[in-house]
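# Okay, sequence plus prediction incoming.
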Amino acid sequence: MSAILIAGTHSGVGKTTVAMALLAAFTRRCTVAPFKIGPDYIDPSHHTAICGRPSRNLDTFMMGEDGVSKTFASASAGADICVIEGAMGLYDGMGDTDIASAAHVARVLDVPVILVVDVKGMSRSAAALIKGYHDFDPRINVAGVILNRVGSPKHGEMIRKAIQQELSVPVLGEIPKSSHITLPSRHLGLYMAHEGYHMDYVPALKELAENCMDLSAIRDIAEQTGEREIVVGEDHAKHNVAIGIARDPAFCFYYADMIDSLKRHADLVFFSPLADDLPDVDGLYFGGGYPELYAQELSAQSRIRKQIRDAAAGGMPIYGECGGMIYLCESLVDQEGASYPMAGVLPGETEMTRRLQALGYTDASVSETPVVRAGRIRGHEFHYSRTLCAPDARFAYLMNRGKGIRDGMDGMVEHATLGSYMHAPPSFDVTRFVESCR
């Protein structure tokens, strides 16, 4: 096992750029397995585009420590090096704990950390900052640092000398202030890789890593990863149940682990509500994404909207998350007040807002439905919209943590359809949904 975790002192220091640059450089030399810490669909899409291998999410809150270990072990099979991109600052977890932090994942997996530090406006103070991160938790192996936004060679030399005087942590790279690479973003984060904005940046990212980072030393540090068994995944056999998954620019938020779990139990048929008729399947899954950006196009596809509505009324199990839930409602109202008819399965209307309505981890007590078993489920929510439901709307989730759709409830239910603002975790138990579809 050979792995590194790219962490930052805080958000915005350049860890995504560094992680993607290393992925681009290493992929030219060997087989790379990419990972992302936390609930994120966007950065993993870029990792996947660069490496040609699905990027997996590692989240100790949603998946538990065992779930993170299992995903890491199975997704590492066949890779020469694993590159894990952190989230926020190295030690930033839930509240005042390290739960779900990059440090928590590094500790669970026994992976060395490379710390990205924005040194603009600092010299010797950078050494004090790095020493604090290095010494804060002795269980975390902060094995090297990469300096970002270095003003000049002399600036970098001063910081290197200060670090050498205070602690034995190698400087593995210096990124000049002039080397800033910008990726286009919008309200939910970066553009997705499949939207065509990303690949133009790959040569520049590769060049950045090769010119500004010590790739050989980084590979050596990756070898410090603790030993663990690598689990080879099983082949996916043919099944007697088929599930349709909406996948296009409007519905593009899916965890690779969730898709793989479904593949182990069902045949998957991918389709586009923007362009296709409903496929011949036994159940439907609508992930999150950007239905608000394609409201006019989605509403214009009246044929598939009716097909979905009829399938739902006939008892077909349907699951929609966030953007998928919005599409399954009766209508979508954009920020200018224009209303567009949607699939019309769930008794609600969604209004897009200019302000963030919910962001963070969720925890819900669940009533039995054709989609999920009774019990508890952890996930996350992130949306700029609110859904106004019919007074008699029914819900399957009682939120112990998170906002949900209305009055601390989420998981709107109609027929055998469930739609929620909550995104289910990568390790979501799909067996109840598959059984209902069968």
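Cool, got the structure.
# So for the longest helix anywhere in the chain, what gets flagged as buried?
Ranked by residue count under DSSP state H, the longest helix found in the chain is helix 60-75. Neighbour-count burial for helix 60-75, counted by 16 or more other C-beta atoms under 10 Å, picks out 60-63, 67-69, 71-75. C-beta here means a position set from N, CA and C on the backbone, and glycine is covered the same way.
# Quick one: list the elements packing against it.
If you count contacts as 3 or more C-beta pairs under 8 Å, 6 or more residues apart in numbering; DSSP states H and E, helix 60-75 packs onto strand 32-37, strand 56-58, helix 102-109, strand 375-383.
# quick one, which of the ones you listed is nearest to Leu147?
In terms of C-beta to C-beta, the element of the helices and strands packed on helix 60-75 nearest to Leu147 is helix 102-109, at 18.5 Å.
# For the closest one, the averaged confidence score.
Taken as a whole, helix 102-109 has an average pLDDT of 97.
# what does stretch 386-398 give?
Averaging pLDDT along stretch 386-398 yields 96.
# same deal with stretch 118-128?
Rounded mean pLDDT across stretch 118-128 is 95.
# can you check stretch 332-340 too?
Stretch 332-340 comes out at a mean pLDDT of 95.
# So which bits of it are buried?
332-334, 340.
# Spell out, range by range, the helices that occur in the stretch 1-150 of the chain.
Using DSSP state H, counting those that start in this stretch, the helices of the stretch 1-150 of the chain run over residues 15-27, 42-51, 60-75, 102-109, 124-136.
# To Ala311, which of those lies closest?
Closest among these, using C-beta to C-beta: helix 42-51, at 28.7 Å.
# where does Phe270 fall, phi/psi-wise?
phi -90, psi 140 (degrees, to the nearest 10).
# Start at 425, not 1
Shifting the count to begin at 425 puts that one at Phe694.
# distance of the residue nearest to Asp758 when sequence neighbours are not counted from Gln720?
Among residues not flanking Asp758 along the chain, Met776 sits closest, at 5.3 Å (C-beta to C-beta, 6 or more residues apart in numbering). According to C-beta to C-beta, to the nearest Å, Met776 and Gln720 sit 13 Å apart.
# Of the two, which one has the most company?
Met776 (21 against 11; other C-beta atoms under 10 Å).
# Just to check, that one is in contact with Gln759?
Yes: Met776 is within contact range of Gln759, at 5.0 Å (criterion: C-beta atoms under 8 Å).
# rewinding a little: identify, from the buried residues of stretch 756-764, the entry nearest to Phe852.
Nearest to Phe852, judged by C-beta to C-beta, of the buried residues of stretch 756-764 is Leu756 at 25.3 Å.
# residue contacts, the closest one?
Residues in contact with Leu756, defined by C-beta atoms under 8 Å, 6 or more residues apart in numbering, are 715-716, 719, 722-723, 750, 763-764, 766, 773-774, 776.
# Could you identify the buried members of the residues you listed?
Judged by 16+ other C-beta under 10 Å, buried ones among the contacts of Leu756: 715-716, 719, 722-723, 750, 764, 766, 773-774, 776.
# so which of those residues comes closest to Met833?
For the buried ones among the contacts of Leu756, the nearest to Met833 is Thr774 (15.8 Å; C-beta to C-beta).
# Would you mind confirming that the closest one is in contact with Cys813?
No: using C-beta under 8 Å, Thr774 makes no contact with Cys813, being 9.8 Å away.
# intersection of neighbour lists for these two?
With C-beta under 8 Å, 6+ apart as the test, Thr774 and Cys813 reach no residue in common.
# how far away is Ala680 from Pro458?
10 Å.
# Which of these two has more residues huddled nearby?
Neighbours per residue, other C-beta under 10 Å: of Ala680 and Pro458, the larger number sits with Pro458, 28 against 18.
# Give me the subset of the buried residues of stretch 756-764 lying in strands.
Of the buried residues of stretch 756-764, the ones assigned to strands by DSSP state E are 756-757, 764.
# mind putting those in TSV, distance to Pro703 included?
Formatted as TSV, those follow (distance: C-beta to C-beta, whole Å):
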residue	distance to Pro703
Leu756	23
Val757	29
Tyr764	23
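# Tally up the residues packed near the residue lying closest to Ser493 once chain neighbours are set aside, please.
On the basis of C-beta to C-beta, 6+ apart, the spatially nearest residue to Ser493 that is not a chain neighbour turns out to be Val532, at 6.3 Å. Residues lying near Val532 (other C-beta under 10 Å) number 16.
# Kindly report the same for Thr811.
23.
# partner strands of the helix or strand that contains it, parallel or antiparallel?
For Thr811, the enclosing helix or strand under DSSP states H and E is strand 809-813. Strand 809-813 sits in its sheet next to strand 770-776 (antiparallel), going by DSSP bridges.
# quick one: contacts of the partner strand?
716, 744, 749-750, 752-759, 763, 766, 808-814, 816-817, 829, 836, 838, 841, 843.
# Could you double-check that Tyr764 lies in contact with Gln720?
Yes: with contact defined as C-beta under 8 Å, Tyr764 counts as touching Gln720 (6.2 Å).
# what's the average pLDDT for the longest helix of the chain?
Helix 484-499 comes out at a mean pLDDT of 96.
# Centre of the chain to stretch 625-642, how far?
24 Å (C-alpha atoms, centre = their mean, to the nearest Å).
# What residues sit buried inside it?
625-626, 629-630, 632-633, 636-638, 641-642.
# export the helices of the stretch 425-574 of the chain to CSV and tack on distance to Met425?
Shown next, in CSV, are the helices of the stretch 425-574 of the chain (distance: least, C-beta to C-beta, whole Å):
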stretch, distance to Met425
helix 439-451, 15
helix 466-475, 17
helix 484-499, 9
helix 526-533, 9
helix 548-560, 23
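# Looking at those helices, spot the one closest to Glu792.
Going by C-beta to C-beta, the one of the helices of the stretch 425-574 of the chain nearest Glu792 is helix 484-499, 21.2 Å.
# Doesn't Lys578 belong to a helix?
Yes: checked against DSSP: H, G, I helix; E, B strand; the rest coil, Lys578 lies within a helix.
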